[in-house]
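J.: using only what follows, build the 3D model:
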Amino acid sequence: MILLGFVGGFLFTSSVYLPTLLNVDSGNKTLIIPSQTKIMSTNQPSTNDATSILLVVNGGWALPDYRTPKRQDFLETIIKNALEMCEAGYFVSLFLITYEPELDQISSFFEWMPMDMLLQQKCKRTNSTIDIRLRLFPKLPLRSSQFGTGGNLGIRHREIFQAHKDYYDYFVIQEDDVLFTESLLTYYVESWERVLNARPKEQTSPFGQLRSHYGRRLVPGFLRYETVQDQKYVSWRLNGGIVERIGNHTFFTADAMSYSYLTVVPSELLKELVVSHPNYTDMETITGEFNPQCAEGGFNKIANTRSAIRVQDIQNSFFHHMSNKYIASLTKPDNLAEERHMFLSMKDDEAQYVYKSCLPDFNHSKFPNIMFSGEEGCFQCLQKSKTATSQFRIQHVRIFNGSTYLGNHLNVTVQCWEDTSIG
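T.: Numbers count the residues shown, from 1 in each chain. Below is the predicted model:
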């Protein structure tokens, strides 16, 4: 053990940080913020009937330029949301992961972290503090076949998932500027347990698991939104998509929806994946854009799953990207490069309107700025056969009043496609 010094009255060494109430291990170990739960020594949730959640937040807080007041607000919001999950009846363990700070940054790092808040979060329902841990990893460079970020932090949650795979019902990885709320968690759990993974109670086999027309098992998806002028704009990935009628439900499906921002994995799928892919945690298995391939996109690929949102629930799947990082550049009246037009976004109510055209009670008269084209509508297409799918393509024309952005005219093309070789 190498003594590094004192930070805020706490002894810090290369392997352990030892305040009275706070145990910190760096590298491949764990810093545990005090909790009255039993998980500290056994890595197991309490033995009650609460649905257990392991929530990992990936943040660059160890990097000096990253430690801004806005990022601190985001972190405090995330902690409050974990507390609300506990109050709602979930058992929650919150892992905050970042890089190991440089030696000359150790003091400022712990001064910036909202330590008082971390130590005081008490769940009234359980009459105990919630389980919060900080884990520090060395910053390793990407390989030549990988790009998109400055280090390999994006894959480190997989090690935590794998180590705790037997002790939680759901595993969550989110970026540190994502607003993941109790209502979003409940949307996921209910979508998985009541729809996508539903099975008769007397059956132990996966009788009711829903699959895409193309054979891939469905898992609940999420869609990002950002705000400008108090208006929500949803992910540009809704500009093109596939709607399938599967069983008694109509789904918007995609290979990936939330990418590296937010991913939830049910325990049974994680256990299957760890067995079938023993090198799951190895960064050498990642090629292409690193963070998305470490999260939802990579998970769906190796687990042979596909993200799905029941169209009638689409409004329940939206999560806020709190930094509003992308929308600002798309709502200014300057000339927008043609290749950037693909990133233009619908308002949240417009997106619901467009995709709910696939439902039988759709009202075509609500949005005069949205024009549909195609040989037939989405609902009519899906009635043709069990394997019919509607493919959407949405083109935008931006609308301004002077320099004030008003939104977009939308041209929605619906193409009906039927593969008679399926099913």
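J.: quick one, phi/psi of Phe367?
T.: phi -120, psi 100 (degrees, to the nearest 10).
J.: try His396
T.: Here is the backbone geometry of His396 (degrees, to the nearest 10): phi -120, psi 140.
J.: bridged to it, which residues?
T.: Beta-bridge partners for His396, by DSSP bridges, are Leu410.
J.: ok, now which ones touch it?
T.: Asn239, His341, Leu344, Met346, Asn408, His409, Leu410 (Cβ atoms under 8 Å, 6 or more residues apart in numbering). Just so you know, the C-beta spots here come from the backbone N, C-alpha and C atoms, and that holds for glycine as well.
J.: for the fifth one, grab the count of nearby residues.
T.: So that's Asn408. The local packing of Asn408 (other Cβ atoms under 10 Å) involves 22 other residues.
J.: wait, doesn't it sit right on Ile399?
T.: Yes - Asn408 is within contact range of Ile399, at 6.3 Å (criterion: Cβ atoms under 8 Å).
J.: any shared contact partners between the two?
T.: Shared contacts of Asn408 and Ile399, counting by Cβ under 8 Å, 6+ apart, come down to Asn369.
J.: so Ile97, which of the three states?
T.: Under DSSP: H, G, I helix; E, B strand; the rest coil, Ile97 falls in the strand class.
J.: I'd guessed it sits against Trp61; true?
T.: No - the criterion here is Cβ under 8 Å, and Ile97 misses it with Trp61 at 9.5 Å.
J.: who does the residue nearest the centre of the chain bridge with?
T.: By Cα atoms, centre = their mean, the chain has its centre lying nearest to Leu262, at 1.0 Å. For Leu262, the beta-bridge partners are Gln174 (DSSP bridges).
J.: just the pLDDT for it.
T.: On pLDDT, Leu262 comes in at 97.
J.: where does pLDDT dip in the stretch 201-350 of the chain?
T.: Residues of the stretch 201-350 of the chain meeting the criterion pLDDT under 70: 201-208, 335, 338-339.
J.: and the helices in the stretch 151-300 of the chain?
T.: With DSSP state H, counting those that start in this stretch as the criterion, the stretch 151-300 of the chain has helices at 157-163, 182-191, 267-276, 290-294, 296-303.
J.: show residues contacting the second one.
T.: Applying Cβ under 8 Å, 6+ apart, the contact partners of helix 182-191 are 51, 53, 81, 84-85, 87-88, 90, 170, 172, 220, 222, 264, 309-310, 313, 316-317, 319.
J.: follow-up on the earlier one: run through the residues that contact the residue nearest to the centre of the chain.
T.: Val172, Ile173, Gln174, Glu175, Val178, Phe180, Phe222, Arg224, Ala295, Glu296, Phe319.
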